[in-house]
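Peer 1: From the sequence below, what's the structure:
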Amino acid sequence: MKKGIPASKGYAIGSVLIKRESKINVKKRYVKDVDKEEKRFQKALDLSRKQLEKIKIKSEREMGRDKAEVFESHIMLLKDEEFTGAVKVRIKTDHINAEVALYEVVNSYMKIFNSMKDEYIKERGADVKDVGDRIFANLTGRGSFLNKIKNDKVVIVAHDLTPSDTAQLDKSKISAFVTDIGGRTSHSAIMARTLEIPAVVGTMNITDLVKDGDIVIVDGVEGNVIINPDENTIKEYKSKIKVYNMEIEKLRPLRDVETITKSGRKVKVLANIGKPQDVEQVLKNGGEGIGLFRTEFLYMNRGDMPPEEEQFEAYKYVVEKMGNKPVVIRTLDIGGDKKLSYLLLPEEMNPFLGYRAIRLCLDREDIFKPQLRAMLRASAFGNLKIMFPMISSVKEFLQAKNVLRQCMEELEEEKLEFNRNLGTGIMIEVPSAALEAAELSKYVDFFSIGTNDLIQYTLAADRMNEKVSYLYDPMHPAVLKLIKNTIDAAHRRGKPCAMCGEMAGDENSIPILVKYGLDEFSMSASSMLKAKQIIMEN
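Peer 2: Predicted structure coming up:
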């Protein structure tokens, strides 16, 4: 048995098909006719775009618009003059073949992504690699490993799977996939959950332990892969598959049911999103609102700051889609491990404790104000609320509110509509804010507990550092005391308290959060129905 990370729940039994990593031949050769080589590269770009457009259409049909958006971003990358132009410049300047020029550019992009600590952002480097591999394949005429799938009940085993790979998986032939690397926030893991294909990632070396044709059991609940199991184990897991499928069907009716605890208390189950298109999945799973819209992803994978109008359209799209349901939009949370290529930030010894989030925004009103203006304008179209991250004191919150007030005055002068009475709140993710929750509750309209940072700050344990990950414990008494203190402080002022960190969707944590009186649980859309069930049982 091999242990990994459970990336997509479910159980599967099937025969192994290994996706072998093809060695990329990047032998440099001198090119005399650079115009001809550039045209060859452009032809590969055009073919790649046509392929991705087909994949996008298939993905939209089978997984929904939100999951197909990753291929729109891949198509945009193919049109990105900064990316493709860099390859063409290398061809012209160095008189080298397109394969080598492409390899060098993709590598430079990958180094930037790999240097980041944030798991989600780091794994966006897979998008660049995916696009690069596709262009390379079209330059060299390499085919897809997916063409080798002939039988059903196949379990794909790979070092890694790209978003393009997972989007093209045929559910009638593929029962699961397992990889050496990856995490729960990778695109392939997200798509596996959408397709409801069991997946285990991060096994380290599964590709070295199996061969084509081996029978494996993939346990996407516990994160185990059982290689060549005996008959009794196969029988046991067939039974688990039957029970699991029955449980999934039982959850579907909860989509439109109010979430009420055993004591009769109404609780809201909301979703976290990173881009406007994610709202489709929220509605599909009966989300009662958006508890966290991570706006920083609007700023990434581009060459400059998104203008006010572009942000306004993104926020407006979400609030209109959600109707009268609440949409909590977090202001820019950049800095620390989240960096923008076009925003030069100072090197810091402790970036997580430094110039980031609200601290950066208060210092750079040229960045902060356009975002606030866009949010305010979008508030005229739905139930929008604004949330400030990384607040550590009352003073910081009042400073942020003052900038918001200035933006309101500007919009009034320009005769642009907005909701002057929209709610404003803060993320409780700094221990000082949790300890001062009683004082902060006098000024805010709501709290939302960001447990990802709160836990690591409280326990002085970097959640991305595997050497100290054993210390990162959501159920540590100190963490629970800060959570309880925050909820109680909000309730004494008659104000709601939400949670938008990973703990909100953790099946083991939900019962104690219900006991503490948490009002709103915000999580990934795919986790909402199970969370509803657990809340209603407590």
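
Peer 1: Who are the packing partners of the longest helix seen in the chain?
Peer 2: If you go by DSSP state H, the chain has its longest helix at helix 34-63. Other helices and strands packing on helix 34-63, by 3 or more Cβ pairs under 8 Å, 6 or more residues apart in numbering; DSSP states H and E, are helix 65-79, helix 81-94, helix 98-114, helix 125-140, helix 163-167, helix 187-195. Backbone N, C-alpha and C define where each C-beta goes, glycine included.

Peer 1: Report the inter-axis angle for the fourth one versus helix 65-79.
Peer 2: To tie it back to what came earlier, the one meant is helix 125-140. Angle between the axes of helix 125-140 and helix 65-79 is 60 degrees (criterion: axes from the mean of the first three to the mean of the last three Cα atoms, to 10 degrees).

Peer 1: Now find how far off-centre helix 125-140 is within its chain.
Peer 2: Centre-to-centre, helix 125-140 and its host chain are 21 Å apart (Cα atoms, centre = their mean, to the nearest Å).

Peer 1: could you check the angle helix 34-63 makes with that helix?
Peer 2: Using the same axes, to 10 degrees: helix 125-140 against helix 34-63 is 120 degrees.

Peer 1: what do you get for the third one?
Peer 2: Taking the same axes, to 10 degrees, one finds that helix 98-114 is oriented at 50 degrees with respect to helix 34-63.

Peer 1: List the buried residues of helix 98-114.
Peer 2: By neighbour count with 16 or more other Cβ atoms under 10 Å, helix 98-114 contains the buried residues 98-106, 109, 113.

Peer 1: same thing with stretch 361-381?
Peer 2: Applying a neighbour-count criterion of 16+ other Cβ under 10 Å, one finds 361, 367-379, 381 buried in stretch 361-381.

Peer 1: Ok, stretch 470-484 next?
Peer 2: Neighbour-count burial for stretch 470-484 flags 472, 474, 479-480, 482-484 (criterion: 16+ other Cβ under 10 Å).

Peer 1: Quick check: beta-bridge partners of Ile227?
Peer 2: Beta-bridge partners recorded for Ile227 (DSSP bridges): Val216.

Peer 1: For it, the count of nearby residues, please.
Peer 2: Residues near Ile227, counting by other Cβ atoms under 10 Å, number 15.

Peer 1: what does Leu52 give?
Peer 2: Counted with other Cβ under 10 Å, the neighbours of Leu52 add up to 24.

Peer 1: For my notes, please list the helices and strands packed on helix 34-63 in TSV and give mean pLDDT and distance to Gln277 for each entry.
Peer 2: Output for those, formatted as TSV (pLDDT from 0 to 100; distance: least, Cβ to Cβ, whole Å):
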stretch	mean pLDDT	distance to Gln277
helix 65-79	76	4
helix 81-94	87	22
helix 98-114	83	21
helix 125-140	79	15
helix 163-167	62	14
helix 187-195	65	12
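
Peer 1: picking up where we left off before, which of the buried residues of stretch 470-484 sits closest to Ile512?
Peer 2: Nearest to Ile512, judged by Cβ to Cβ, of these is Leu480 at 7.1 Å.

Peer 1: list the contacts for the closest one?
Peer 2: Ile512 (Cβ atoms under 8 Å, 6 or more residues apart in numbering).

Peer 1: quick one: it from Ala504, how far?
Peer 2: Leu480 sits 14 Å away from Ala504, going by Cβ to Cβ, to the nearest Å.

Peer 1: In contact with Ile18: list those residues for me.
Peer 2: By Cβ under 8 Å, 6+ apart, Ile18 lies in contact with 157-158, 207, 210-212.

Peer 1: Tyr103 versus Lys9, what's the distance?
Peer 2: Look at Lys9 and Tyr103: by Cβ to Cβ, they are 37 Å apart.

Peer 1: which non-adjacent residue is nearest Arg373?
Peer 2: Cys407 (5.0 Å; Cβ to Cβ, 6 or more residues apart in numbering).

Peer 1: what do you get for Ala378?
Peer 2: Here the residue nearest Ala378, using Cβ to Cβ, 6+ apart, is Tyr315, at 3.6 Å.

Peer 1: Give me the contact list for the host helix or strand of the one you found.
Peer 2: Per DSSP states H and E, Tyr315 falls inside helix 308-322. For helix 308-322, the surrounding residues in contact (Cβ under 8 Å, 6+ apart) are 273, 275-276, 279-280, 282-283, 289-290, 293, 295, 298, 306, 327, 329, 370-371, 373-375, 377-379, 381-384.

Peer 1: Now, those that are in strands?
Peer 2: Of those, the ones assigned to strands by DSSP state E are 273, 290, 293, 327, 329, 383-384.

Peer 1: Which positions within the longest helix of the chain qualify as buried?
Peer 2: Buried residues in helix 34-63, counted by 16+ other Cβ under 10 Å: 37-38, 40-41, 44-45, 48-49, 51-52, 55-56, 59-60, 62-63.
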